[in-house]
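> Fold the following and give me the result.
(2 chains)
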Amino acid sequence: MRSNDRGTTDRPPVTEVTPLDRRRIAWPDVRRGGRLVLRGHEVVVPGSAVVGIMGVNGAGKSTLMLQLAGLLRSARPRAGVAADAATVDSTTAFGHVGFAPQHAALPAWLTATEIARMFGLDISDLHRQHPAMRLDELVDTPATKLSVGQQQAVSVAIALAGDAPLVLLDEPFAPLDFRRRIALTEILRQHVAGRVIMISTQSAAELSAVCSWVLVLREGRCVFSGPIAALTGPASDGERAVQRLEKRIMDMLDSDVSGSRIPSACHPP
Amino acid sequence: MTLALLFRGLLRRELAPSALGGMLVTAAAAGAALALLSVRVDSGQGITQLIREGDRTLAGVFAITAVFRIIGRLSDDADRAWPLQLVAAGAARPAYVTALTIATALTALISYTAGAWTFAGVAAAAGGGQAALVRAVAALPLVALMLFCAATFGAAAFCAVGGAAARPLAVVVIILPWILVAIFAVGGDDALPFIVVRIASLPAPPLAVSASVHDVGTMMIYAGVSFACAVTTAERRIARL
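Modelled structure (predicted):
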């Protein structure tokens, strides 16, 4: 980040969102085993958005999720998520986040109903909110008898319940069956009012289907943060848009970071 | 996220037949075996005392089991997906440790009860009288406190020093004094000054139950210190990758 001649800081413009409807999301450097696995950055995203996080394996997507959820040893205080661009400690900005880990492993001895209750939720309410997730099929089934995909469905529904302003879903689509993938796509399209939902994914099609904002990580660095339209072009014409998205992201992942010509709202804190 | 919700969920796990069933059967079998042995021994010192007072021996064994059981549970749970999700959703880490400690102590108490009452029943049936039954019933509150002590110690050991070091620490602090006192007990109560035995047994809550009502104070202090240590250090051990 450079200072200009007026003494203020040069930052990439964030013109797509209004100051009253945006969230600043910041995180510090994260080292694990002495190695820097995630570089500190801050991004400003729309206040209501599904933010897709893309990156190859080991790029730092899950680490970022855990960091934002306050679950890493370095995560004190929890990464900043403020309602405006001012520096605000997120632990005072919100009390909790909705979080669905990459590999949902529910407590094996409890039924889905009891698991929901453990989170202070009613499985019937969850089912009513998201009938297409078909949680009613799982209510009395112990978690030991739930498939990985079924556990993920319960886990994601729990994460989305409530009013947490930040919801983190780590590869939520990966283990889901066909029906539940469609259902989750619809849910993510509809349930973003007033909250930021961040999902990590390896699929440009999923990204294109549900996300309005994209964050690209490469070797722990945030190399792009911006509206998905900046990568797909203004007209989202199905498969071509997905192909363009794939190509642009591949370019970012393959090229030198500093050589990227795509404007990004992603910069060190 | 309330403590009650956490407690109910964790207790249900501990009481699940797959988790508790084997322990109950083992406790009952051990109680019966000790009872059958107890009516055959005459001496009341050393190993024979452990046999004759099998209910107390079982209390000590289940206290030690509770220590290692809670360390095992915390080691298994600490970095699993669902506690991460729980903590992210607002569950307090100290609340989780508290709930698990109570649940572990309760299951240990149930196991002890099964073992001790089997011991007492079999001993009575084998002609050993009602003494064991009276003792087992009378000691129940003290045993409950002792088992809570043991569970809090295990939780404190895990939260303070981490999973890898907690078990060795527990062996040094819990098992060694037990062996030490048992060895000296074989030589008779007068073989060692009483104060040395007391000092040796202080770190090991399982030993306290075999002494007197004065140990209630010791155990309460012990439990309080362990509990404070567990909840204050839980933040860095539970659901923290």
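
> where do the helices sit along chain B?
B:3-15, B:17-38, B:46-52, B:54-77, B:81-88, B:93-125, B:131-138, B:140-161, B:163-170, B:176-186, B:194-201, B:205-208, B:215-237 (DSSP state H).

> what bits of chain B have low per-residue confidence?
Along chain B, the model assigns pLDDT under 70 to residues B:1-2, B:43-47, B:177-215.

> Which positions in it make contact with chain A?
B:1-2, B:5-6, B:8-9, B:12-13, B:16, B:18-19, B:80-82, B:84-90, B:236, B:239-241 (C-beta under 8 Å from any C-beta of the partner chain). To be clear about C-beta, it is placed using only N, CA and C from the backbone, and glycine gets the same treatment.

> if we go to 7 Å?
B:1, B:5-6, B:9, B:12-13, B:16, B:80-82, B:84-90, B:236, B:239-241 (C-beta under 7 Å from any C-beta of the partner chain).

> Make a PyMOL selection of whichever of those residues turn out to be buried.
Buried subset of those, written as a PyMOL selection, criterion 16 or more other C-beta atoms under 10 Å in any protein chain shown:
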select buried, chain B and resi 1+5+6+9+12+13+16+80+81+82+84+85+86+87+88+89+90+239+240+241
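
> What strand or helix carries residue A:64?
Per DSSP states H and E, residue A:64 falls inside helix A:61-68.

> before we move on, what about residue A:45?
strand A:41-46.

> repeat for residue A:72
Using DSSP H and E, no helix or strand contains residue A:72.

> what sits against it?
A:30, A:66, B:241 (C-beta atoms under 7 Å, 6 or more residues apart in numbering or on different chains).

> thought residue A:118 was touching residue B:10?
No. Residue A:118 is not in contact with residue B:10 according to C-beta atoms under 7 Å; the separation is 8.8 Å.

> From the centroid of chain B, which residue is nearest?
Nearest to the mean C-alpha position of chain B, by C-alpha atoms, centre = their mean, lies residue B:63 at 1.7 Å.

> What sits closest to residue B:59 if chain neighbours are left out?
residue B:143 (4.7 Å; C-beta to C-beta, 6 or more residues apart in numbering or on different chains).

> From residue B:155, how far out is the one you found?
19 Å (C-beta to C-beta, to the nearest Å).

> Those two - which one has more neighbours?
residue B:155 (30 against 24; other C-beta atoms under 10 Å in any protein chain shown).

> Please name the residues that touch the residue lying closest to the more buried one once chain neighbours are set aside.
Nearest non-adjacent residue to residue B:155, counting by C-beta to C-beta, 6+ apart: residue B:230, 4.0 Å away. Going by C-beta under 7 Å, 6+ apart, residue B:230 touches B:97, B:101, B:152, B:155-156, B:159.

> Quickly name whichever of these is closest to chain A.
residue B:159 (13.9 Å; C-beta to the nearest C-beta).

> burial count for the residue nearest to the closest one when sequence neighbours are not counted?
Spatial nearest neighbour of residue B:159, excluding adjacent residues (C-beta to C-beta, 6+ apart): residue B:233 at 4.0 Å. Around residue B:233 there are 20 other residues, counting by other C-beta under 10 Å.

> how much space between residue B:233 and chain A?
For residue B:233, the distance to chain A equals 13 Å [C-beta to the nearest C-beta, to the nearest Å].

> Residue A:194 - how many residues pack around it?
10.

> before we move on, what about residue B:124?
Counted with other C-beta under 10 Å, residue B:124 comes out at 16.

> wait, isn't it in contact with residue B:133?
Yes. Using C-beta under 7 Å, residue B:124 is in contact with residue B:133, at 6.1 Å.

> Can you list phi and psi of the closest residue to residue B:16 other than its chain neighbours for me?
Among residues not flanking residue B:16 along the chain, residue A:109 sits closest, at 4.4 Å (C-beta to C-beta, 6+ apart). Dihedral pair for residue A:109: phi -90, psi 0, per degrees, to the nearest 10.

> Please list all residues in contact with residue A:109.
Applying C-beta under 7 Å, 6+ apart, the residues near residue A:109 are A:142, B:12-13, B:16.

> interface residues of the stretch 1-150 of chain A facing chain B?
A:66, A:69-73, A:95-101, A:103-107, A:109-110, A:114, A:117-120.

> So which residues of the stretch 51-200 of chain A form helices?
A:61-68, A:90-93, A:112-118, A:123-129, A:148-160, A:178-190 (DSSP state H, counting those that start in this stretch).

> hang on, the earlier thing: just the buried ones from the residues of the stretch 1-150 of chain A next to chain B?
A:66, A:69-72, A:96-101, A:104-107, A:109-110, A:114, A:117-119.

> Closest one of the contacts of residue B:230 to residue B:50?
Using C-beta to C-beta, residue B:152 comes nearest to residue B:50 of the contacts of residue B:230, at 24.9 Å.

> Correct me if wrong: the closest one contacts residue B:224.
No. In this structure, residue B:152 is not within contact of residue B:224 by C-beta under 7 Å, at 8.4 Å.

> In stretch A:162-170, which residues are buried?
A:162, A:164-170.

> Among these, which lie within strands?
A:166-170 (DSSP state E).

> any chance of these in CSV, plus distance to chain B and pLDDT?
As requested, these are arranged in CSV below (distance: C-beta to the nearest C-beta, whole Å; pLDDT from 0 to 100):
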residue, distance to chain B, pLDDT
A:166, 10, 87
A:167, 10, 91
A:168, 8, 93
A:169, 11, 94
A:170, 9, 92
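
> give the contact list for the closest residue to chain B within the stretch 151-269 of chain A.
Nearest to chain B, among the residues of the stretch 151-269 of chain A, is residue A:155, at 6.5 Å (C-beta to the nearest C-beta). Residues in contact with residue A:155 (C-beta under 7 Å, 6+ apart) are A:100, A:104, A:106, B:85.

> so can I have JSON lines of those showing distance to residue B:26?
Listed next are the contacts of residue A:155 as JSON lines, based on distance: C-beta to C-beta, whole Å:
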{"residue": "A:100", "distance to residue B:26": "38"}
{"residue": "A:104", "distance to residue B:26": "33"}
{"residue": "A:106", "distance to residue B:26": "28"}
{"residue": "B:85", "distance to residue B:26": "34"}
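
> And those residues, which is closest to residue A:202?
When the contacts of residue A:155 are compared against residue A:202 (criterion: C-beta to C-beta), the nearest one is residue A:100, at 16.2 Å.

> Chain neighbours aside, what residue packs nearest to the spatially most central residue of chain A?
In chain A, the centroid-proximal residue (C-alpha atoms, centre = their mean) is residue A:198; its distance is 1.6 Å. Spatial nearest neighbour of residue A:198, chain neighbours left out: residue A:51 (4.6 Å); criterion: C-beta to C-beta, 6+ apart.
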